[in-house]
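**Student:** Based on what follows, work out the 3D shape:
(chains A and B)
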Amino acid sequence: MQWMTVISIWMIPFIICGILLYGTYKKIPTYETFVEGGKEGIQMSFAIIPYLVGMLVAISVFRASGALEFFVQFLRPFLEFLHVPAEIVPLAIIRPISGTAALGMTSDLIAVYGPDSFIGRLAATIQGSTDTTFYVLTVYFGAVGIKKMGDALKVGLLADLVGLIAAIVVVTFVFGVK
Amino acid sequence: MINYIWVGMTLIGVIFAMVNGTMDAVNEALFKGAKEGVTLSLGLMSILVFWLGLMKIAQDSGLLDKLSALFRPIIKKLFPEVPANHPAMGYILSNMMANFFGLGNAATPLGIKAMEQLKNLNGDKNTASRSMITFLAINTSSITLVPTTVIAIRMTYNSASPTDIVFPTIIATAISAVGAILIDRYFYRKRVRNGRR
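**Tutor:** Reported below is the predicted structural model:
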């Protein structure tokens, strides 16, 4: 699956060129606009510090105490049969519930198993390809005062499950099980 | 909910440490975890600044609007109850574009605007309409072109090629989006069969 990796690596530089060319063509002050937009990134990364510190402390304690391994070992025989690493299960459970908790877990998995390991790549793909269903539901419906959500939660969670399975299949297919 | 999860993980961890005799490791983990939280946030800064700066160019030059016009016909099919010229359509499209390019912060207010309009279309009832559920389904499957945060984390931990997960992520996200739409349709048909909408 070498070509997929090639696309992955070529894509971002291409998008960047496209945006810069279009901006120049439309006579936008590209550099000034870039600086202006970039300022928001500084605020965002400072704002995220307390969330990540809180989550990473909790996750690190949970892992270091042996509690994580204790719960994961029950799932291992069943999941190993499906070639799915049991280590990924906590992330899969937390992903629809809390974005920052999932972000913390993803970085924890990447730190522990390495960014280029199967688990590391799988965590990265799951984090990137699904969203925090509960959050989206609460914020969007809450903001406009929807009380009866109908099938929304069911649909959202089932879609997450599809995304999870898709991530596992695609990562296995592209990078192989290691 | 998140409060319970957070407290739960920490408490269970400490109780486990008492039983397992891993209190040393827990102490180390406390401070290492906190430090990692800061390192990681600062690691995210580089990519966030660059990407948001670039996206501002895409926004101001009208590139995002142009792309959203491209998607309009597909979205029209997904929301048969929304008239083509209704403002809801515009908000839905801008929200999707923002998500598509990883502008989560910009996407949320647009999504709320879209919801307001959809509620309006539904006669201001406090029940979720068909279009609202479809919109949520698409939103939660989050179609992303460049998973910037994930790339930043992989960079922080010295990946040999931090961006090599980009294409797999796009495929996974596309499958989950199609899945979301199909699941949504299935539940809609079921509602119609049961005589409630």
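**Student:** distance from the centroid: which residue in chain A tops it?
**Tutor:** Distance from the C-alpha centroid of chain A peaks at residue A:27, with 35.7 Å (CA atoms, centre = their mean).
**Student:** Am I right that that one sits in a helix?
**Tutor:** No: Residue A:27 is assigned coil when assessed by DSSP: H, G, I helix; E, B strand; the rest coil, not a helix.
**Student:** Residue A:131: what's it in contact with?
**Tutor:** Taking CB atoms under 8 Å, 6 or more residues apart in numbering or on different chains, we find residue A:131 in contact with A:96, A:99, A:160, B:139-142. Every C-beta, even on glycine, is put in place using the N, C-alpha and C of the backbone.
**Student:** got these as a markdown table, with distance to residue B:66 columns?
**Tutor:** Below are those laid out as a markdown table (distance: CB to CB, whole Å):
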| residue | distance to residue B:66 |
| --- | --- |
| A:96 | 33 |
| A:99 | 30 |
| A:160 | 31 |
| B:139 | 22 |
| B:140 | 26 |
| B:141 | 24 |
| B:142 | 22 |
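**Student:** So which of the residues you listed belong to helices?
**Tutor:** Within those, residues falling in helices by DSSP state H are A:99, A:160, B:139-141.
**Student:** And the buried ones among those residues, selectable in ChimeraX?
**Tutor:** Buried residues among those (16 or more other CB atoms under 10 Å in any protein chain shown), as a ChimeraX selection:
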select /A:99,160 /B:139,140,141
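**Student:** name the element residue 36 belongs to?
**Tutor:** Let's take chain A. Using DSSP states H and E, residue A:36 falls within helix A:30-47.
**Student:** that answer is for a different chain, and I need it for chain B
**Tutor:** Residue B:36 is part of helix B:23-60 when elements are defined by DSSP H and E.
**Student:** tell me the mean pLDDT for that helix?
**Tutor:** Helix B:23-60 shows a mean pLDDT of 91.
**Student:** swap in stretch A:125-138?
**Tutor:** On average, stretch A:125-138 scores 86.
**Student:** what do you get for stretch A:75-87?
**Tutor:** 86.
**Student:** got the CA positions of that stretch in PDB?
**Tutor:** Coordinates of each C-alpha in stretch A:75-87 appear next as PDB, following Å, rounded to 0.1, in the frame of the first residue of the first chain:
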ATOM      1  CA  LEU A  75     -10.900  -8.300  26.400                       C
ATOM      2  CA  ARG A  76      -7.700  -9.500  25.000                       C
ATOM      3  CA  PRO A  77      -8.500 -13.100  24.100                       C
ATOM      4  CA  PHE A  78     -11.600 -12.100  22.200                       C
ATOM      5  CA  LEU A  79     -10.100  -9.200  20.400                       C
ATOM      6  CA  GLU A  80      -6.800 -10.900  19.600                       C
ATOM      7  CA  PHE A  81      -8.900 -13.400  17.700                       C
ATOM      8  CA  LEU A  82     -10.100 -10.500  15.500                       C
ATOM      9  CA  HIS A  83      -6.600  -9.100  15.300                       C
ATOM     10  CA  VAL A  84      -7.600  -6.000  17.200                       C
ATOM     11  CA  PRO A  85      -5.200  -4.800  19.900                       C
ATOM     12  CA  ALA A  86      -7.100  -4.600  23.200                       C
ATOM     13  CA  GLU A  87      -5.200  -1.500  24.200                       C
END
